[in-house]
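Engineer: coords below, sequence missing:
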């Protein structure tokens with residue numbers, strides 16, 4: 001039976017993280033990190049099934065493109081604070097009952113929906129357990145996607161080049177959100193988790209599989225351990 005997992009975290013300089021390094025690891029590629037003057041090489045990493053950049057639909061329609069190294073170096077250079085959040089990641093479990101193509105379609109649809117909602121750019125890497133991990137006890141059905149998003153909205157510059165502008169709504173503080181008449185970010189996160197449930201269940205229902213539920217077992221009335 002498919003399980004529900006949709007969690008988010010910030011990739012932050014305050015935690016010693018780099019957007020370029022994080023993208024290199026998740027995509028399983030070599031990327032030059034211009035801010036820190038080093039190259040991250042995870043090209044020999046196993047378990048990466050695909051890794052794709054997903055733009056907001058408006059930029060795609062305008063013919064915009066950007067590669068991974070340019071994207072995440074732009075994300076780093078756009079931030080000046082030493083403790084800046086340089087990316088947001090969503091980790092979602094991809095139902096093992098679905099085909100490889102259906103899992104990819106589902107992950108990309110979720111990424112595209114959020115890219116359009118916030119005007120940000122997504123980098124969607126789909127992983128599967130490696131044989132080494134399985135030998136160590138990992139569940140071979142643990143297909144999942146790491147979806148990194150820019151924390152700033154993307155726009156087309158004067159020279160037809162993508163630029164990163166203001167912070168996306170989901171990155172604003174609760175104080176700023178109140179000033180703008182918006183709900184707390186925790187409620188925003190809850191809505192995105194519900195979105196994942198909806199999209200995943202639509203795909204599961206197509207193939208008559210059991211559905212997932214974003215509620216806790218307690219809220220579902222189930223007296224079982226998580």
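Structural biologist: Nice, I can see it. Keep in mind it's a predicted model, so treat the numbers as computed, not measured.
Engineer: Count the residues that sit near residue 172.
Structural biologist: By other C-beta atoms under 10 Å, 17 other residues sit near residue 172. Any C-beta I mention is one placed from the backbone N, CA and C, and that applies to glycine too.
Engineer: That one contacts residue 188, doesn't it?
Structural biologist: No. Checked against C-beta atoms under 8 Å, the pair residue 172 and residue 188 is beyond contact range at 9.5 Å.
Engineer: Now list whatever residues contact both of these two.
Structural biologist: Common contact partners of residue 172 and residue 188 (C-beta atoms under 8 Å, 6 or more residues apart in numbering): residue 182.
Engineer: Does the spatially most central residue of the chain belong to a helix, a strand or coil?
Structural biologist: Centroid-nearest residue in the chain, with C-alpha atoms, centre = their mean: residue 147, separated by 2.0 Å. Following DSSP: H, G, I helix; E, B strand; the rest coil, residue 147 is assigned to strand.
Engineer: Dihedrals phi and psi, residue 127?
Structural biologist: Phi and psi for residue 127, reported as degrees, to the nearest 10, are phi -120, psi 150.
Engineer: Remind me what the lengthiest helix in the chain packs against, helices and strands.
Structural biologist: Longest helix of the chain, by residue count under DSSP state H: helix 185-206. Judged by 3 or more C-beta pairs under 8 Å, 6 or more residues apart in numbering; DSSP states H and E, helix 185-206 is in contact with strand 6-12, strand 85-93, helix 100-118.
Engineer: Now do the end-to-end distance for stretch 54-69.
Structural biologist: 14 Å (C-alpha to C-alpha, to the nearest Å).
Engineer: returning to that earlier point: run the chain-centre distance for the longest helix of the chain.
Structural biologist: Relative to the centre of its chain, helix 185-206 is centred 14 Å away, using C-alpha atoms, centre = their mean, to the nearest Å.
Engineer: now stretch 110-130
Structural biologist: For stretch 110-130, the distance to the chain centre is 4 Å (C-alpha atoms, centre = their mean).
Engineer: Please, which helix or strand holds residue 96?
Structural biologist: Using DSSP states H and E, residue 96 falls within no helix or strand.
Engineer: So it versus residue 171, what's the distance?
Structural biologist: As judged by C-beta to C-beta, to the nearest Å, residue 96 and residue 171 stand 32 Å apart.
Engineer: for residue 30, same thing?
Structural biologist: As judged by C-beta to C-beta, residue 30 and residue 171 stand 28 Å apart.
Engineer: What's the local residue count around the nearest residue to residue 110 once chain neighbours are set aside?
Structural biologist: Once flanking residues are discounted, residue 110 sits nearest to residue 199: 5.5 Å by C-beta to C-beta, 6 or more residues apart in numbering. Residues within reach of residue 199, counting by other C-beta under 10 Å, total 18.
Engineer: nearest spatial neighbour of residue 79, skipping sequence neighbours?
Structural biologist: residue 86 (5.6 Å).
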